[in-house]
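Engineer: how would this look folded up:
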Amino acid sequence: ICKEGMRMYSEPAVHGSRPARLTEWNLDPFGFRSTITIEAAAHLTADAPAGSFYFCGNRIADFHGLLANMDPKRNRFRLWDLDAGETEGRGARFLAQDGRRVWVSAFARALHRVNPRARRRTTFLPGFVPAGLALLRDGTVMLVSSGTPGKVHRLSPESGRLQSWTLTGEEVPFSGVTAPDGSYYFAERRLSRIGRFLPASGVLTEWQLPGFNPQLIARDALGRIWLSDANFNNRIGRLDPLRNRVTIFQKQGVVTFSVRPVDRGRLGLRVAAADLASYIDVVRASRVPEVDAPVTHALLAASAAEVPRYSSRVPMTTLDIPGREHLVVPVDPPGIVRYRTPVVTPIDVTELGGVLYATAGTFNERTGPSRIFALRTGNQHTA
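Structural biologist: Numbering: from 1, shown residues only. Below you'll find the predicted structure:
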């Protein structure tokens, strides 16, 4: 029995069969807004201990971009100010981890590579607002940028060389992921497509989605691409790039902002989703019909340029923020188990050590609420 009198269950349980424990950390009093992306700390240091994760957002007072590491066991937050010394900050958008360094993209045409332990950063100025931040195994960084047409880019950090390929249409890209074979998948929101680009050959493959406006994407262990729909119809998609087939999961709520495959246990693959209508959802990914996803191929021409960069110190502060626990009774509509959060707009969700973590913010980076949630269902196989 925990201190709030809530019973903990150690045996495996199907989602929705029992209440869950939701811990909430409130970041509003500390001026942190729009917690956007979240990623488990892959390499452990004093600033990123075991069981911790990184996320990013912005400070309400001056729009300074903030990189944060949270250690949920100790209720400890470490915040690095990416725009220290500037009156008006550049903000923070997406992040990815490269060894002991963390990459953060900024709204104002900047890309930061941060060494949290040394409290230093290298800032690259590519001349566009970076989207689709993802890392290849060779240490290069993949990006996409909006435009008519848009472009896909690869940055070599050590040399500062930026390769760019012009895409085939008007692009409003959002997120991207890489695969072990060196390919790069990215969401094409305006054109309702998922693109796969091979920088080694310049070949672009695009899948047309049926009325789907892809936003945040993730890749599962089988190589399938999961995606959320930016349209307000609250759907989740799964693209099988080997078979050119797409599966659409319709669910209740307002709009699903992000999706992450989290379950590879005996109960089969399931997907966690952050729903702006104040829910963390777990979707049962089965028994849904597939449809064809028309595919096209193109060979893109490359150009290259040198990207300006500079280095600077990144001050760090430490905060101890106690968590508040809630008992949540799941709602279980067909195919989905839903856990309601105390505030609206969960933005991103991930799994770490058998726990689902979610960040909450808003589309307006200067307003709240701003929260971190930890959801423990008692089922070590699915969350």
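Engineer: surely residue 137 meets residue 180?
Structural biologist: Yes. If you go by Cβ atoms under 8 Å, residue 137 and residue 180 touch, sitting 7.2 Å apart. From N, CA and C alone the C-beta is placed, and that goes for glycine too.
Engineer: next one: stretch 244-256 to chain centre, how far?
Structural biologist: How far stretch 244-256 lies from its chain's middle: 18 Å, per Cα atoms, centre = their mean, to the nearest Å.
Engineer: for residue 126, what are phi and psi?
Structural biologist: The phi/psi pair for residue 126 (degrees, to the nearest 10) reads phi -80, psi -10.
Engineer: what of residue 28?
Structural biologist: Per degrees, to the nearest 10, the backbone of residue 28 is at phi -60, psi -50.
Engineer: would you mind measuring from the most centrally placed residue in the chain to residue 216?
Structural biologist: Centroid check for the chain by Cα atoms, centre = their mean gives residue 37 as the closest residue, at 4.3 Å. Here residue 37 is placed at a distance of 9 Å from residue 216 (Cβ to Cβ, to the nearest Å).
Engineer: ok, the residue nearest to the centre of the chain touching residue 359?
Structural biologist: Yes. Using Cβ under 8 Å, residue 37 is in contact with residue 359, at 7.5 Å.
Engineer: list the contacts of the residue lying closest to residue 38 once chain neighbours are set aside.
Structural biologist: In space, and not counting its chain neighbours, residue 38 is closest to residue 55: 4.4 Å by Cβ to Cβ, 6 or more residues apart in numbering. With contact set as Cβ atoms under 8 Å, 6 or more residues apart in numbering, residue 55 has these partners: 35, 36, 37, 38, 39, 68, 70, 95, 348, 359, 372.
Engineer: I'd like those laid out as CSV, including pLDDT.
Structural biologist: Shown next, in CSV, are the contacts of residue 55 (pLDDT from 0 to 100):
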residue, pLDDT
35, 82
36, 81
37, 86
38, 89
39, 89
68, 95
70, 96
95, 92
348, 88
359, 90
372, 94
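Engineer: and whichever strand or helix holds the residue nearest to residue 38, C-alpha only, in CSV?
Structural biologist: Applying DSSP states H and E as the criterion places residue 55 in strand 53-59. Extracted in CSV, the C-alpha atoms of strand 53-59 (Å, rounded to 0.1, in the frame of the first residue of the first chain):
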residue,chain,number,x,y,z
PHE,A,53,14.9,11.4,-19.5
TYR,A,54,15.3,14.6,-21.5
PHE,A,55,12.6,17.0,-22.7
CYS,A,56,12.6,20.6,-24.0
GLY,A,57,10.5,23.7,-23.9
ASN,A,58,10.5,27.4,-23.4
ARG,A,59,10.6,29.9,-20.6
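Engineer: what's the burial count for the closest residue to residue 192 other than its chain neighbours?
Structural biologist: Among residues not flanking residue 192 along the chain, residue 209 sits closest, at 4.9 Å (Cβ to Cβ, 6+ apart). Counted with other Cβ atoms under 10 Å, residues neighbouring residue 209 total 23.
Engineer: ok, residue 299 next?
Structural biologist: By other Cβ under 10 Å, neighbour count at residue 299 equals 9.
Engineer: understood, closing this out.
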